[in-house]
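coords please:
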Amino acid sequence: MHRFAPSRLDLRARVVLFTSAIVVVSLLLLGTALHALLARSLYTQQYRQAAYEVDRLRTQAATTLAAAGDLPEPQVEPRIMEQLTSGQGSGNPSFTAVVLVGSERSQSSDERFKIADVPPGLVNHVFIRNEIAAVYMDAPQGAPSGRMLVLGAPIRSQLGDYQAYFFYPLTFQEATLGLLSNFLLIVGVGLLAAVVIMTAISIGRVLKPIQRARDVAEEIAAGNLTARIPEATTQDDFGRLAESFNRMTDALAQKIGELEHVSNLQARFVSDVSHELRTPLATVRMAADYIHAARAGLPADAQRAAVLLERELERFENLLEDLLEISRFDAGVIALEPVEVDLASLLDEVVDALDAIAHGRKVNVTLRVDRGEGPPLVAADPRRLDRVFSNLVKNAIEHTSEGAVQVDVARRGGEVVVAVEDEGEGIPAEDLHHIFERFYRADVHRARTLGGTGLGLAIALENVNLHRGSITVTSTVGQGSAFTVVLPAAEPQPKDAEDEEEAGDPTATETEVVVGG
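Purely as a prediction, here's the structure:
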């Protein structure tokens, strides 16, 4: 049912549906009003004719009885029945049957109609009020089906008081109302179909310019900034809208061009500066290495300056390398050279390479490999993945003091999941959304002390995206952070039987602990 909700239908369907609903409601109201008016007219006419006829017949019967004052009692009721059913030259009566009720018994002109078929309310009304009364009811059982008009009339005479109940069929009225209902139904269906067709055609013509505008907007969104709405020369409302849309598109294309030009200049500037700085930096590096190697013969202040120079040069080299890497990403010249990589081995090398930093900060680094669903193999560029996980593990160590860092790697279905968790100070919630932005530091002072450039996580994100993977982070202040990298898994290549025996049980869980503290 949700598929047919009004908000999910297109504009043409909603207009047609709304118009159809209005037409249906209008036809129902009109049909109901016409049916009620015609029914009232037909029933009123029938009632008047029947009331006139009943009044005439009962007057005629009362006059006949008054003239035959010495008529024996057993002959009174037959005589009244004869007067009521004959009509006395006024034509045959239009009622179907009449039931005559005397003081002791009743008789009927048609055995299908009995006094029991007369509603008690009508009998009481005629008997108590002594006047003509009428009621509409369904035909009694055994009589022709349909509705009937029953009129009751008192007959007063010197020979006694009687009540006569006349049953008038409403066949003509019901048939006429049925024809009207069928006519209204046929006309209503035809009118509804015509309205739906005309509305669909009309709204289609009205929406055609809007559809063209939508197509042009989709082309612009796809990158074709030269697309324009051709109806901008017309003088109607859509022509003015198209003209405004085209002006907006021109201004947007101009701004995008300017931004692309500035972005290209910026990327080129960063790339050129980074390349130009490499040559003098190499010269400075040679001099700094010489001074650092000979610092034992220097005064204490010069020794500290040599160590500081060495450390800052290393930070400067890292910054240049990161800037060059970012410029390559911006220029779109990164080319992957994927090979089959066992992340367990790669992470083991990463942890070993960072042992010195972990030892200096008294941090225990634990690597756990879960091979329950298969080996953690990926098709990737090992150099780039090494940089990703080196950055994540190094960050975890540097932001943990006398704690633990845990690295988990496992295959989960068609993916390989690597989680790097630490027990550091954590990342505030307001910084989590910006953690992968370039040059962003959640703790500026701490990052500078540790020598970070603010580009490591941004480069890690770009490298993971290149491998069609994802990287997410969760953190709690005071408890630590957890970075999760998900990469598409690669199927292992077939191996010889001897290799499989040497590999051991592939379903086992290996745990390697590197103690840095």
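
sec struct for the residue nearest to residue 338 when sequence neighbours are not counted, please.
Nearest residue to residue 338, sequence neighbours excluded (CB to CB, 6 or more residues apart in numbering): residue 379, at 4.5 Å. Placement of C-beta: from N, CA and C, glycine included. At residue 379 the chain is in strand, as set by DSSP: H, G, I helix; E, B strand; the rest coil.

For residue 379, list each beta-bridge partner.
On the basis of DSSP bridges, residue 379 is bridged to residue 340.

That one: what's it in contact with?
For residue 379, the contacting residues are 338-341, 488, 490, by CB atoms under 8 Å, 6 or more residues apart in numbering.

Between which two of those residues is the distance greatest?
With CB to CB as the measure, no two of the contacts of residue 379 lie farther apart than 339 and 488, at 14.3 Å.

before we move on, back to that, state the distance from the residue nearest to residue 338 to residue 395.
26 Å (CB to CB, to the nearest Å).

can you list contacts of stretch 166-185?
27, 30-31, 34-35, 38-39, 42-43, 46, 50, 53-54, 57, 93-99, 113, 136, 139, 143-144, 146-153.

circling back: just the buried residues of the contacts of residue 379.
341, 490 (16 or more other CB atoms under 10 Å).

count of residues packed around residue 343?
26 (other CB atoms under 10 Å).

meant to ask about residue 254
Residue 254 - counted by other CB under 10 Å - has 11 other residues nearby.

and it, what pLDDT?
With respect to pLDDT, residue 254 scores 85.

Helix or strand for residue 200, just tell me which one.
helix 171-221 (DSSP states H and E).

Rounded mean pLDDT for the helix or strand containing residue 304, please.
In the assignment (DSSP H and E), residue 304 maps to helix 300-331. Averaging pLDDT along helix 300-331 yields 74.

Repeat that for stretch 199-214.
Rounded mean pLDDT across stretch 199-214 is 81.

next one: stretch 225-241
Mean predicted lDDT for stretch 225-241 stands at 75.

Can you get me the start-to-end distance on that stretch?
The straight-line separation of the ends of stretch 225-241 (CA to CA, to the nearest Å) is 18 Å.

and that stretch, how far out from the chain's middle?
Centroid separation for stretch 225-241 versus its chain: 32 Å, with CA atoms, centre = their mean, to the nearest Å.

what's the burial count for the nearest residue to residue 123 once chain neighbours are set aside?
Nearest non-adjacent residue to residue 123, counting by CB to CB, 6+ apart: residue 152, 6.9 Å away. Using other CB under 10 Å, residue 152 has 24 other residues around it.

my guess is residue 152 contacts residue 118, does it?
Yes - under the criterion of CB atoms under 8 Å, residue 152 makes contact with residue 118 at 7.1 Å.

Switch the contacts of residue 379 over to TSV; also include distance to residue 309 and pLDDT.
Formatted as TSV, the contacts of residue 379 follow (distance: CB to CB, whole Å; pLDDT from 0 to 100):
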residue	distance to residue 309	pLDDT
338	40	82
339	39	89
340	43	90
341	37	89
488	44	91
490	45	84
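
okay, the angle between the following helix or strand past the helix holding residue 200 and helix 171-221?
Note on helix 171-221: by DSSP H and E, the next helix or strand toward the C-terminus is helix 237-293. Counting by axes from the mean of the first three to the mean of the last three CA atoms, to 10 degrees, helix 237-293 points 40 degrees away from the direction of helix 171-221.

Helix 237-293 - contacts with which helices or strands?
helix 171-221, helix 300-331 (3 or more CB pairs under 8 Å, 6 or more residues apart in numbering; DSSP states H and E).

One more pass at 6 Å, please.
On a contact count with 3 or more CB pairs under 6 Å, 6 or more residues apart in numbering; DSSP states H and E, helix 237-293 meets helix 300-331.

pretty sure residue 482 is in a strand, no?
Yes - per three-state DSSP, residue 482 lies within a strand segment.

so what's it scoring on pLDDT?
92.

What residues are bridge-paired with it?
In beta-bridge terms (that is, DSSP bridges), residue 482 pairs with residue 421, residue 474.

Check the burial of it by counting its neighbours.
Residue 482: 17 neighbours (other CB under 10 Å).

Leaving aside the residues adjacent along the chain, what's closest to residue 436?
In space, residue 436 is closest to residue 461, 4.6 Å off (CB to CB, 6+ apart).

give me the number of residues near the one you found?
Using other CB under 10 Å, residue 461 has 20 neighbouring residues.

now residue 417
Using other CB under 10 Å, residue 417 is surrounded by 19 other residues.

ok, it to residue 117 distance?
86 Å.

Also residue 166?
Using CB to CB, one gets 12 Å for the distance from residue 166 to residue 117.

From residue 52, how far off is residue 310?
127 Å.

out of those two, which sits in the more crowded spot?
Between residue 310 and residue 52, counting by other CB under 10 Å, residue 310 is the more crowded of the two (17 against 10).

Which residue comes closest to that one once chain neighbours are left out?
residue 292 (4.7 Å).

right, and that neighbour touches residue 308 too?
No - assessed by CB atoms under 6 Å, residue 292 is found out of contact with residue 308, at 10.1 Å.

So the two - more neighbours on which side?
residue 292 (16 against 10).

Could you measure from that one over to residue 248?
In terms of CB to CB, residue 292 sits 61 Å off from residue 248.

Show me where the stretch 1-150 of the chain has its helices.
With helices called from DSSP state H, counting those that start in this stretch, the stretch 1-150 of the chain shows them at 11-67, 76-86, 120-129.

other SSEs contacting the shortest one?
Put plainly, it is helix 120-129. Judged by 3+ CB pairs under 6 Å, 6+ apart, helix 120-129 is in contact with strand 133-138, strand 147-157.

Touching the last one from outside, list them.
Residues outside strand 147-157 that contact it (CB atoms under 6 Å, 6 or more residues apart in numbering): 50, 54, 58, 61-62, 65, 122, 126, 130, 132-139, 162-170.

which ones are touching residue 408?
Per CB under 6 Å, 6+ apart, neighbours of residue 408: 368, 419.

Now do the helix or strand harbouring it, average pLDDT.
Using DSSP H and E, residue 408 sits within strand 404-412. Averaging pLDDT along strand 404-412 yields 92.

tell me how far that strand is from the chain's mean position?
The answer for strand 404-412 is 38 Å, by CA atoms, centre = their mean.

Restrict that strand to CA atoms and write it as CSV.
Extracted in CSV, the C-alpha atoms of strand 404-412 (Å, rounded to 0.1, in the frame of the first residue of the first chain):
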residue,chain,number,x,y,z
ALA,A,404,47.4,-1.2,25.4
VAL,A,405,46.7,-1.1,21.7
GLN,A,406,44.9,-4.1,20.1
VAL,A,407,44.9,-4.8,16.3
ASP,A,408,42.3,-7.4,15.1
VAL,A,409,42.1,-8.8,11.6
ALA,A,410,39.6,-11.3,10.4
ARG,A,411,37.7,-12.3,7.3
ARG,A,412,33.9,-11.8,7.4
